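>>> Have a look at this fold, sequence not included:
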């Protein structure tokens, strides 16, 4: 019998990417080379490839990672709920 593929809650990938881009552009002006996906991945304790997979809905986010992403991206609770849980 074929196994069903794991279906993860749909993260708003576009919103995450837009927020990352917004922060990158802000950091480029303020402090060049201080915001890279590899730095975010290190902060989360995961590999950059894993982070990209999570952003692209290919892997599930852990709650601890969502909390850290909220901090890194400066998200409000409402933005976090909308992006990671589709609420709001």
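Nice, thanks for sending it over. Only a predicted model underlies this, so the values are computations on that prediction, with no experimental measurement involved.
>>> Report how many residues lie close to residue 74.
Neighbour count of residue 74, defined by other C-beta atoms under 10 Å: 11. In this view, the C-beta of every residue, glycine as well, is placed from N, C-alpha and C.
>>> Correct me if wrong: it contacts residue 26.
No - using C-beta atoms under 8 Å, residue 74 makes no contact with residue 26, being 9.7 Å away.
>>> roughly how far out does stretch 44-55 sit from the chain middle?
8 Å (C-alpha atoms, centre = their mean, to the nearest Å).
>>> I would like the residues contacting that stretch, please.
By C-beta atoms under 8 Å, 6 or more residues apart in numbering, the residues outside stretch 44-55 that reach it are 11, 13, 16-17, 37-38, 40-41, 59-61, 65, 68-69.
>>> now the helix or strand encompassing residue 71: how far from the chain's centre is it?
In the assignment (DSSP states H and E), residue 71 maps to helix 63-73. Centre-to-centre, helix 63-73 and its host chain are 8 Å apart (C-alpha atoms, centre = their mean).
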